[in-house]
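S.K.: Return a 3D structure for these sequence lines:
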Amino acid sequence: MPYAFERVQRDSDGGEVARLEAQNLLFEKARPLDQLPPTAPDGAILDLGSGTGFWSLRLAARVPEGSITCLDRSGELLALARKRLDLPGVPRASFLLQDLRALDLPERAFDLVFTSVTLAHVRELGEVLPRLARTLKPGGWIACFEPVQQARRFSDIHPPCPNLDFLMDRLLDVVEARGSDLSVGLKIAHHLERLGLAETELRNYGSALHGEDALLCIQEVFLPLAWAYLRHRWEPGLLERRLEAAAREAPTPHLWLDFRRAVVLARRPG
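M.R.: Numbering: from 1, shown residues only. Here you go, the predicted structure:
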């Protein structure tokens with residue numbers, strides 16, 4: 001599910017890190033890193049918008065003799081990433097506190113640049129993507145796991161749950177109002193092609209969450225986010241009634257969620 005975390009600190013109850021972790025654990029069930037091209041064991045990887053380092057740790061396993069660089073605009077999240085990667089056997093890690101709109105990165109430094117639901121919150125793609133392309137070594141890859149669908153619906157709930165669907169639509173209203181682009185994947189692909197990167201590919205993938213996994217997503221990620229984002233916009237009693245009704249729908253027998261994501265892959269010519 002696409003979330004705009006950029007200003008969540010102001011609007012949430014402080015549980016945004018836990019919700020982000022829960023979201024990543026759920027998306028990991030789709031095995032997104034299986035979509036990546038091979039990386040040499042001594043390669044260098046940049047995790048752009050690394051957050052707590054959830055994906056950084058997993059990416060580091062691809063380069064046991066190389067290095068991983070975590071970049072984020074939040075010092076608090078980078079501190080969590082540093083703690084997460086401070087483990088025996090994890091390759092050399094560095095941490096950059098930078099805003100994506102003002103990147104200061106070395107050229108031809110990385111074999112892989114990775115993003116996950118990061119560029120959807122950046123309007124200045126025409127400025128950011130050329131900088132990222134320049135950081136790639138010849139033959140290096142960029143992989144952007146971002147929203148791609150033109151429609152607003154990114155997940156289907158079965159059987160139909162009217163209150164959950166209603167709250168999901170209101171959440172997406174907030175995400176779009178904050179300027180997040182829910183179809184950014186296609187734009188990324190077009191930008192990378194214009195930059196002259198080779199083998200540019202937009203690849204769809206997804207996962208279905210059934211039973212307990214679907215219930216976990218709703219209880220630990222979706223409903224807390226609905227409360228965090230909507231509580232300042234709705235009359236409290238009305239929101240609470242909606243949340244209670246949605247919670248009653250969640251244990252529906254055979255409930256499942258179908259999530260759709262995409263990855264944009266491109267390679268810098270050798």
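
S.K.: Which parts of this protein are helices?
M.R.: 8-11, 16-28, 54-60, 75-85, 125-135, 162-177, 184-194, 211-216, 223-230, 236-249 (DSSP state H).

S.K.: can you tell which of those helices is closest to Leu36?
M.R.: Leu36 lies closest to helix 54-60 among those, at 8.4 Å (C-beta to C-beta). (C-beta placed from N, C-alpha, C; glycine too.)

S.K.: low pLDDT regions in the stretch 101-250 of the chain?
M.R.: Applying pLDDT under 70 to the stretch 101-250 of the chain flags residues 149-155.

S.K.: before we move on, the earlier item: let's have the helices of the chain in JSON lines, adding distance to Thr115 and mean neighbour count.
M.R.: Shown next, in JSON lines, are the helices of the chain (distance: least, C-beta to C-beta, whole Å; neighbours: other C-beta atoms under 10 Å):
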{"stretch": "helix 8-11", "distance to Thr115": "18", "mean neighbour count": "14"}
{"stretch": "helix 16-28", "distance to Thr115": "13", "mean neighbour count": "18"}
{"stretch": "helix 54-60", "distance to Thr115": "9", "mean neighbour count": "22"}
{"stretch": "helix 75-85", "distance to Thr115": "15", "mean neighbour count": "17"}
{"stretch": "helix 125-135", "distance to Thr115": "8", "mean neighbour count": "18"}
{"stretch": "helix 162-177", "distance to Thr115": "17", "mean neighbour count": "17"}
{"stretch": "helix 184-194", "distance to Thr115": "9", "mean neighbour count": "20"}
{"stretch": "helix 211-216", "distance to Thr115": "25", "mean neighbour count": "16"}
{"stretch": "helix 223-230", "distance to Thr115": "21", "mean neighbour count": "21"}
{"stretch": "helix 236-249", "distance to Thr115": "31", "mean neighbour count": "14"}
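
S.K.: To Pro37, which of those lies closest?
M.R.: helix 54-60 (12.7 Å).

S.K.: residue at max distance from the center of this structure?
M.R.: Gly237 (31.8 Å; C-alpha atoms, centre = their mean).

S.K.: For it, list the residues it contacts.
M.R.: Residues counted as contacts of Gly237 (C-beta atoms under 8 Å, 6 or more residues apart in numbering): none.

S.K.: From Arg231, how far out is it?
M.R.: Per C-beta to C-beta, to the nearest Å, Gly237 is found 11 Å from Arg231.

S.K.: likewise Gly66?
M.R.: On the measure of C-beta to C-beta, Gly66 and Arg231 end up 44 Å apart.

S.K.: Of the two, which one has the most company?
M.R.: Gly66 (19 against 16; other C-beta atoms under 10 Å).

S.K.: got the buried residues for stretch 118-125?
M.R.: Neighbour counts over stretch 118-125 (16 or more other C-beta atoms under 10 Å) mark Thr118, Leu119, Ala120, His121, Val122, Leu125 as buried.
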